[in-house]
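S.K.: predicted coordinates and the sequence they were generated for:
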4 protein chains.
Amino acid sequence: MREDRFVPPSAAFTRSVPIRFSHCDPAGIVYFPRYFDMFNGLIEDWYGQELGYDYAELITGRRFGFPFVHIECDFKIPSRIGEVIDLTLLIEEIGRSSLAIVIICHRDNIERLRARMVTAMMSLETKKAVPIPEGLREAIAAYRRRTAGDA
Amino acid sequence: MREDRFVPPSAAFTRSVPIRFSHCDPAGIVYFPRYFDMFNGLIEDWYGQELGYDYAELITGRRFGFPFVHIECDFKIPSRIGEVIDLTLLIEEIGRSSLAIVIICHRDNIERLRARMVTAMMSLETKKAVPIPEGLREAIAAYRRRTAGDA
Amino acid sequence: MREDRFVPPSAAFTRSVPIRFSHCDPAGIVYFPRYFDMFNGLIEDWYGQELGYDYAELITGRRFGFPFVHIECDFKIPSRIGEVIDLTLLIEEIGRSSLAIVIICHRDNIERLRARMVTAMMSLETKKAVPIPEGLREAIAAYRRRTAGDA
Amino acid sequence: MREDRFVPPSAAFTRSVPIRFSHCDPAGIVYFPRYFDMFNGLIEDWYGQELGYDYAELITGRRFGFPFVHIECDFKIPSRIGEVIDLTLLIEEIGRSSLAIVIICHRDNIERLRARMVTAMMSLETKKAVPIPEGLREAIAAYRRRTAGDA
């Protein structure tokens, strides 16, 4: 299998995740829905730690929801219990009320998995799409600019 | 939102899944990685109940693995606790050692979610791809023929 | 290991659960938190199919919550992918706003696991315990009577 | 509800866990099986970071398994998305091939949940219980001594 090299942009939001016993299946590798769980956690942390928006407050306070409308994912190299993988989040596109997020799972600068996830912003009250609030949009656009060069 | 009508081919493998409390998130809808868990279960049941191949035996006895190499999924209509959804499995393509499976989640003939999942067949011993065994390939091809007309 | 025989009372609510790939860990047996997920599903089905109370409606309509306050569980025999296990629900005690539920996991009349789970009934509005409504209490008490002799 | 104060022994192994969207159920609180997932992760980290034993290596290299044989858990205060909880691990008892672990979930020195989990040590090859290896036993006993005073 051809290896895909990935070096995250220096300003990119990257977090390490230890692969746990509970992540793995009887074949000894990560059971794939578990990756999506990790990705959701990464996005939460990115809101809070990178953009300065408390994800829980956006949901329970301001009553926004962030359902995924489209996901695509290429699984290239499996990960095993005891390994530590890096997850990097990049922004591909900012729509009026949607966001195309790219998450790259890598280790030692080799890409293991790449997901593109389109999330919408909606009101949990009206159940309708809402425009991304201006301040948040600017924070995301700034993040996108300072991490451009990949995705 | 435009509604997509879906009527499964009459010979298609369809199973109903009740949406449980445990499937749902604080927004009251299915937490998306849970769908992939349901899909994996549907594929297991399809092997056993439709193709006549015991999935557990394929894995623990014959030591095959079925990792996903590519997944894409469109989420159209969310599902809520207490609803019963139908999952239909169709085959899009049969490769030498891979399979493109389409799973449609629907209710009342309205499509709620559509996933395309490419799975590879590998040996858990050598960790390498293996050709789909002839008998299994024929069973899948026959299923594909009798459910053609959609996917 | 001594085997514990278990034959469910004939009127007891029992459901079969196939052990799936996704339930199992790298040791090839059910990853224990997955059992609790199965138990929660069994309780939902028991409300709906045995007592005639729609669980989803109790939660989203009448705004009741059923948090667990105490759980204890003995794991006796592990279960593996491909096995089908039986789960039987019995009622040990009915309190003012709490319920002691016993769930026995068995196969071929051999007990594999036994859990005792105390659940409270609360209002999702006031976040306070509420008495079990009279009709529901009577349905549970009747179930308990017709399944007495074990637990 | 009476509050139980808990101040972990100064030498105790404590890790913080952010409560994520994915941990929570439609009632907005942690779905209880998720706690057991967190506990399993805490135990893994304790082996590696406190005892100096690589958990993955114990399983995949030395082929030990650590099934739970008994679990009991009191849920006192629910936790919500956005909260950060502390998990402290203490050792209650060291048997020949079993370990009674106590995990306390707390926040601001108030106990939220307390679990007692008895795990056995077994060989994944023979499927039989094995005595805890001497070095590991000593490391656990030393940990127990330096955190005595609670549990």
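M.R.: Perfect, I can see it now. Numbers count the residues shown, from 1 in each chain, chains lettered A, B, ... in the order given.
S.K.: up against chain B, what does chain A have?
M.R.: Listed as neighbours of chain B in chain A under the rule CB under 8 Å from any CB of the partner chain: A:26-27, A:29, A:32-34, A:36-37, A:40, A:59-60, A:65, A:67-76, A:78, A:124. Any C-beta I mention is one placed from the backbone N, CA and C, and that applies to glycine too.
S.K.: narrow those residues to just the buried residues.
M.R.: With burial judged by 16 or more other CB atoms under 10 Å in any protein chain shown, the buried subset of those is A:26-27, A:29, A:32-34, A:36-37, A:40, A:59-60, A:65, A:67-68, A:70-71, A:73-76, A:78, A:124.
S.K.: can you show me the helices along chain A?
M.R.: With DSSP state H, the ranges of helices along chain A come out as A:33-45, A:55-56, A:134-146.
S.K.: now those helices in a markdown table, with distance to B:Glu93 and mean pLDDT?
M.R.: Output for these, formatted as a markdown table (distance: least, CB to CB, whole Å; pLDDT from 0 to 100):
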| stretch | distance to B:Glu93 | mean pLDDT |
| --- | --- | --- |
| helix A:33-45 | 23 | 97 |
| helix A:55-56 | 39 | 94 |
| helix A:134-146 | 35 | 97 |
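S.K.: which of these sits closest to B:Pro9?
M.R.: Distance to B:Pro9, taken as CB to CB, is lowest for helix A:33-45 among the helices of chain A, at 27.1 Å.
S.K.: where do the strands sit along chain A?
M.R.: Shown for chain A, the strands assigned by DSSP state E span residues A:13-18, A:64-65, A:68-75, A:84-94, A:98-107, A:110-120, A:122-123.
S.K.: chain D next: which of the buried ones among the residues of chain A next to chain B are close?
M.R.: Among those, the ones lying near chain D by CB under 8 Å from any CB are A:Asp37, A:Asn40, A:Ile59, A:Thr60.
S.K.: identify the farthest-apart pair in those.
M.R.: Every pair of those checked by CB to CB; the farthest is A:Asp37 and A:Thr60, at 19.8 Å.
S.K.: returning to that earlier point: most tightly surrounded among the strands of chain A?
M.R.: strand A:64-65 (a mean of 22; mean count of other CB atoms under 10 Å in any protein chain shown).
S.K.: how far does that one sit from the chain's center?
M.R.: 17 Å (CA atoms, centre = their mean, to the nearest Å).
S.K.: ok, stretch A:73-89 next?
M.R.: Mean-position distance between stretch A:73-89 and its chain equals 13 Å (CA atoms, centre = their mean).
S.K.: is that stretch up against chain C anywhere?
M.R.: Yes. Stretch A:73-89 reaches chain C (CB under 8 Å from any CB) through A:Ile81.
S.K.: and that stretch, end to end?
M.R.: 14 Å (CA to CA, to the nearest Å).
S.K.: chain D contacts on chain A?
M.R.: Checking chain A against chain D by CB under 8 Å from any CB, the hits are A:18-22, A:28, A:37, A:40-41, A:44-45, A:54-57, A:59-60, A:80-83.
S.K.: ok, now with 10 Å
M.R.: Selection of chain A residues close to chain D by CB under 10 Å from any CB of the partner chain yields A:18-24, A:28, A:36-41, A:43-45, A:48, A:54-61, A:65-66, A:80-83.
S.K.: filter the residues you listed down to the buried ones and hand me the ChimeraX line.
M.R.: Entered in ChimeraX, the line below selects the buried ones among these, by 16+ other CB under 10 Å:
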select /A:18,19,20,21,22,23,24,28,36,37,38,39,40,41,43,44,45,48,55,56,58,59,60,65,66,80,81,82,83
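S.K.: so what's A:Glu44 up against?
M.R.: A:Asp54, A:Tyr55, A:Ala56, A:Leu58, A:Ile59, A:Phe66, D:Pro18, D:Arg20, D:Phe21, D:Ser22, D:Ile81, D:Gly82 (CB atoms under 10 Å, 6 or more residues apart in numbering or on different chains).
S.K.: gap between it and C:Thr60?
M.R.: Here the criterion is CB to CB, to the nearest Å. By it, A:Glu44 lies 25 Å from C:Thr60.
S.K.: cool, and A:Ser98?
M.R.: In terms of CB to CB, A:Ser98 sits 27 Å off from C:Thr60.
S.K.: which stretches of chain A have low pLDDT?
M.R.: A:1-2, A:149-151 (pLDDT under 70).
S.K.: give me the beta-bridge partners of the closest residue to A:Cys105 other than its chain neighbours?
M.R.: Spatially, and ignoring its direct neighbours in sequence, A:Cys105 is nearest to A:Leu113 (4.1 Å; CB to CB, 6 or more residues apart in numbering or on different chains). Beta bridges link A:Leu113 to A:Phe75, A:Cys105, judged by DSSP bridges.
S.K.: what residues sit buried inside stretch A:129-146?
M.R.: A:Ala129, A:Val130, A:Ile132, A:Leu136, A:Arg137, A:Ala139, A:Ile140, A:Tyr143, A:Arg144.
S.K.: who's in contact with the last one?
M.R.: Okay, so that is A:Arg144. A:Leu90, A:Ile91, A:Glu92, A:Glu93, A:Ile94, A:Leu99, A:Ala151.
S.K.: could I get the residues you listed as JSON lines with distance to chain C?
M.R.: Below are those laid out as JSON lines (distance: CB to the nearest CB, whole Å):
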{"residue": "A:Leu90", "distance to chain C": "29"}
{"residue": "A:Ile91", "distance to chain C": "31"}
{"residue": "A:Glu92", "distance to chain C": "30"}
{"residue": "A:Glu93", "distance to chain C": "32"}
{"residue": "A:Ile94", "distance to chain C": "34"}
{"residue": "A:Leu99", "distance to chain C": "29"}
{"residue": "A:Ala151", "distance to chain C": "31"}
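S.K.: which one of those residues sits closest to C:His106?
M.R.: Of the contacts of A:Arg144, the one sitting nearest to C:His106 (CB to CB) turns out to be A:Leu99, at 48.4 Å.
S.K.: dig out what the closest one forms beta bridges with.
M.R.: Counting by DSSP bridges, A:Leu99 is bridged to A:Ile94, A:Thr119.
S.K.: wait, it touches A:Thr119, no?
M.R.: Yes. At 5.2 Å, A:Leu99 counts as touching A:Thr119 under the criterion of CB atoms under 10 Å.
S.K.: overlap of the contact sets of these two?
M.R.: Contact criterion CB under 10 Å, 6+ apart; residues shared by A:Leu99 and A:Thr119: A:Ile43, A:Phe66.
S.K.: kindly provide the distance from A:Phe39 to D:Arg20.
M.R.: 12 Å.
S.K.: doesn't A:Glu93 make contact with A:Met117?
M.R.: No. When contacts are counted by CB under 10 Å, A:Met117 is not listed as touching A:Glu93 (11.5 Å).
S.K.: now list whatever residues contact both of these two.
M.R.: In contact with both A:Met117 and A:Glu93: A:Leu99, A:Ala100, A:Ile101, A:Val102, using CB under 10 Å, 6+ apart.
S.K.: re the thing from before, what's the closest of the contacts of A:Arg144 to D:Pro8?
M.R.: Of all the contacts of A:Arg144, D:Pro8 sits closest to A:Leu90, with 39.0 Å by CB to CB.
S.K.: now do that closest one against C:Asp54, distance only.
M.R.: From A:Leu90 over to C:Asp54 (counting by CB to CB), the distance is 44 Å.
S.K.: dump the helices of chain A into TSV; add distance to A:Asp4 as well.
M.R.: Output for these, formatted as TSV (distance: least, CB to CB, whole Å):
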stretch	distance to A:Asp4
helix A:33-45	17
helix A:55-56	30
helix A:134-146	22
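S.K.: list just the one of the ones you listed that sits closest to B:Thr14.
M.R.: Once the helices of chain A are compared by CB to CB, helix A:33-45 is nearest, at 21.3 Å.
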